[in-house]
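Chemist: Next comes the sequence, and after it the predicted model I'd like to discuss.
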Amino acid sequence: AHGSDNGDEKAQFKLTGPGASIFSGTGGCKPSKLYYEHENMIADIDGDGVAEIFGIVSNRTGSGNNPRTCFWLVSFRYVNGELVPMYNAVQIGSDRPGTFGIADMDGDGKAEVYIRDRIYAAETGALLATGNGNWDLDINSAPVAVNILGDQTLELVCGTKIYSIPNLSNRNPGAPAALT
């Protein structure tokens, strides 16, 4: 399939060979047909003058017109003319994550990726904090990071909820901190 005819499609990620091992999962999240979604962002998270790329990838069964069964956060950096995965794809569940962003949430000079009511370390994909909200009922898909209180940290606004940001200096916590 070359993509010029109606019905032609091609998965956008290889499931074998270099780069394929960044995806894992079982059931509806077992990688079968992976597609880049429209949610993407670019940021220079390490200050080296070269931006990193972050995106959302979905899994589908059957054709590309079938419903999405699972989503992952992916990230790449440019090295010697190639995009190289920064870490294994982070499984984020079966609900479409929607718009996401990147910011230094706690003012420590390190970037975090925020998706709905979750905060991930931009450099590793580790889940640092979560509000544990129900994504189907009360957490919208367009969070905003903003300094509402005028202090040194941002707040995360998700729908009608405003979360204070805890200290995120532990970049590989055993369990994510609670957003309150």
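Modeler: Thanks, I have it. Numbers count the residues shown, from 1 in each chain.

Chemist: May I have stretch 92-110 as PDB, with CA atoms only?
Modeler: Output in PDB follows, covering the C-alpha atoms of stretch 92-110 (Å, rounded to 0.1, in the frame of the first residue of the first chain):
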ATOM      1  CA  ILE A  92      -1.100   5.600  29.400                       C
ATOM      2  CA  GLY A  93      -4.300   3.600  29.100                       C
ATOM      3  CA  SER A  94      -7.300   3.200  26.800                       C
ATOM      4  CA  ASP A  95      -8.800   6.700  27.000                       C
ATOM      5  CA  ARG A  96      -7.600   9.200  24.400                       C
ATOM      6  CA  PRO A  97      -5.200  11.500  26.400                       C
ATOM      7  CA  GLY A  98      -6.100  14.700  24.400                       C
ATOM      8  CA  THR A  99      -3.900  17.800  24.500                       C
ATOM      9  CA  PHE A 100      -0.800  17.500  26.600                       C
ATOM     10  CA  GLY A 101       2.000  19.900  27.600                       C
ATOM     11  CA  ILE A 102       5.500  20.300  28.900                       C
ATOM     12  CA  ALA A 103       6.700  22.600  31.600                       C
ATOM     13  CA  ASP A 104       8.900  22.900  34.700                       C
ATOM     14  CA  MET A 105       6.000  22.200  37.100                       C
ATOM     15  CA  ASP A 106       7.900  22.500  40.400                       C
ATOM     16  CA  GLY A 107      10.500  25.100  39.500                       C
ATOM     17  CA  ASP A 108      13.500  22.800  39.800                       C
ATOM     18  CA  GLY A 109      14.800  23.400  36.300                       C
ATOM     19  CA  LYS A 110      13.700  20.000  35.000                       C
END
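
Chemist: Mind checking the pLDDT average for it?
Modeler: Summarised as a single mean, pLDDT over stretch 92-110 is 94.

Chemist: Could you do stretch 75-84 as well?
Modeler: pLDDT averaged over stretch 75-84 gives 86.

Chemist: How far off centre is that stretch?
Modeler: In terms of C-alpha atoms, centre = their mean, to the nearest Å, the centre of stretch 75-84 is found 17 Å from the chain centre.

Chemist: Buried residues in it, which are they?
Modeler: Going by neighbour count (16 or more other C-beta atoms under 10 Å), the buried part of stretch 75-84 is 75-77. All C-beta atoms are positioned from the backbone trio N, CA, C, and that covers glycine.

Chemist: now do stretch 52-62
Modeler: Quick answer for stretch 52-62 (16+ other C-beta under 10 Å): 52, 54-60.

Chemist: Quick check: the farthest pair among those residues?
Modeler: Using C-beta to C-beta, those span at most 26.1 Å, a distance reached by Glu52 and Arg60.
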